[in-house]
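Enquirer: structure for this input, please:
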Amino acid sequence: MAVKPKVKPLDEEATFEEEGLDARALITRTDKRGIINYASKAYLQMTKYSKEELVGKPHNIIRHPLMPKNAFKDMWETILSGRRWVGVVKNLRKDGKYYWVVVKIEAIDKDGNITNNPDEIEGFIAVRREASRIDIEKARLSLEKKDEEWEIDI
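Expert: Take a look at the predicted model:
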């Protein structure tokens, strides 16, 4: 597995509107370990990574360092059990800017169909939409709590 590139986070937010992605979903598909095997054009445009830079890499390549690990622990426990996970996430682009999304992740079977049976899980599909300012403010408050429980309710 490739080493995660070192991206220096900037205190600068990128928005869907600035990227011309109003109302567009950012979609990725991964295997059961979280290795990216598909990324939509909109996802590539927002993250500033090329398809070649993302496919075959772990999805945490875009994890912002301020995102608490317990948020992703909850996510993995949820999706590996076959349940849908929905949360607000701050991601890091290749250029160092950050962006906020509401992400919905569901398990898929070998044929790419949504499944809730843990024995059938072959991977995951994640669909992201731009987070509202209210969702972002709730998430920022949770980030300020640091070691406390990460609030993902939306």
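Enquirer: going by C-alpha atoms from here, please, whenever you check contacts or count neighbours.
Expert: Will do.
Enquirer: what is the burial count for Thr115?
Expert: Thr115 is flanked by 20 other residues according to other C-alpha atoms under 10 Å.
Enquirer: do the same with Ile61
Expert: 22.
Enquirer: need the three-state assignment for it.
Expert: helix (DSSP: H, G, I helix; E, B strand; the rest coil).
Enquirer: find the nearest non-adjacent residue to Trp85, please.
Expert: Leaving aside its chain neighbours, Trp85 sits nearest to Ile105 (5.3 Å; criterion: C-alpha to C-alpha, 6 or more residues apart in numbering).
Enquirer: I'd say Lys110 and Asn117 touch.
Expert: No: taking C-alpha atoms under 8 Å as the definition, Lys110 is not a contact partner of Asn117, at 12.0 Å.
Enquirer: show me what Arg128 bridges to in the sheet.
Expert: Judged by DSSP bridges, the bridge partners of Arg128 are Leu26, Val103.
Enquirer: can you give me the helices for this structure?
Expert: 41-47, 51-54, 69-80, 133-145 (DSSP state H).
Enquirer: just checking, what packs against the shortest one?
Expert: Identification of packing neighbours for helix 51-54 by 3 or more C-alpha pairs under 8 Å, 6 or more residues apart in numbering; DSSP states H and E yields strand 36-39.
Enquirer: ditto for the first one
Expert: Packed against helix 41-47 by the contact rule (3+ C-alpha pairs under 8 Å, 6+ apart) you find strand 26-31.
Enquirer: helices or strands up against the strand it packs on?
Expert: strand 36-39, helix 41-47, strand 123-130.
Enquirer: any chance you could list what contacts stretch 91-105?
Expert: 7-15, 46-49, 62-64, 79, 84-90, 124-131, 136 (C-alpha atoms under 8 Å, 6 or more residues apart in numbering).
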